[in-house]
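Novice: The following block contains a protein sequence and its predicted model.
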Amino acid sequence: MNILLLAEEGAENAFWLPHDIQEVFWGTLAFLIVAGMLWKFAKEPGSNYFKSRTADIEETLDQARTQRDTAEAKRDEIKSALADSDSEAARIVENARSAADALTAEIADRAREDVILARERAEIDLVAARGQMNADLSGELSRLSLGAAERVVESSLDDDSQQRLIDSYISQVSGRN
């Protein structure tokens with residue numbers, strides 16, 4: 001009873017209890033009633049909220065994983081395309097080099113053929129020029145020999161004797177060369 005009298009007079013109960021024990025009792029009772037009502041009425045909506053929130057987070061994570069996988073696949077495609085473009089560029093350069101080599105060889109072959117044809121034409125022209133020169137020389141020799149023979153003979157020769165005289169003179173001149 002002594003403790004009860006001390007609490008009524010305003011003395012402290014102990015270092016861990018407030019001044020009034022009834023206040024502790026009614027406060028605890030009120031807390032338990034509110035906690036029970038929250039448990040009864042707010043437990044299901046609260047757990048539903050947290051379940052839906054968890055589902056939303058999982059869905060967001062799944063979407064992020066899907067987007068990451070898509071981005072990684074796209075990255076791999078780009079890397080592959082880049083590697084393909086490097087090999088394609090190397091192939092194009094190699095094709096250009098081989099085409100240039102083939103063109104160089106073709107141009108060199110054409111130049112050789114042109115040189116051969118030019119030489120053949122020059123030889124043909126040389127043979128034709130020699131033939132023309134021989135013909136001109138023969139004609140000139142014939143004229144000179146005819147003139148000389150006419151002076152020696154002092155008369156005109158007939159065509160047969162003129163031709164024989166020319167032929168013999170040409171054979172003499174050809175024999176000396």
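Specialist: That came through fine.
Novice: tell me the centre residue of the chain?
Specialist: In the chain, the residue lying closest to the centroid (Cα atoms, centre = their mean) is Ala89, at 2.7 Å.
Novice: who does the helix ranked longest in the chain touch, helix- and strand-wise?
Specialist: Longest helix in the chain by number of residues, with DSSP state H as the criterion: helix 43-153. Using 3 or more Cβ pairs under 8 Å, 6 or more residues apart in numbering; DSSP states H and E as the contact criterion, the neighbours of helix 43-153 among helices and strands are helix 159-176. Quick note: C-beta positions are derived from backbone N, CA and C, even for glycine.
Novice: which helices and strands does the helix it packs on pack with?
Specialist: Using 3+ Cβ pairs under 8 Å, 6+ apart as the contact criterion, the neighbours of helix 159-176 among helices and strands are helix 43-153.
Novice: now the helix it packs on against helix 159-176, angle please.
Specialist: Note on geometry: by axes from the mean of the first three to the mean of the last three Cα atoms, to 10 degrees, helix 43-153 and helix 159-176 are set 120 degrees apart in direction.
Novice: what pLDDT, on average, does helix 43-153 get?
Specialist: For helix 43-153, the mean per-residue pLDDT is 87.
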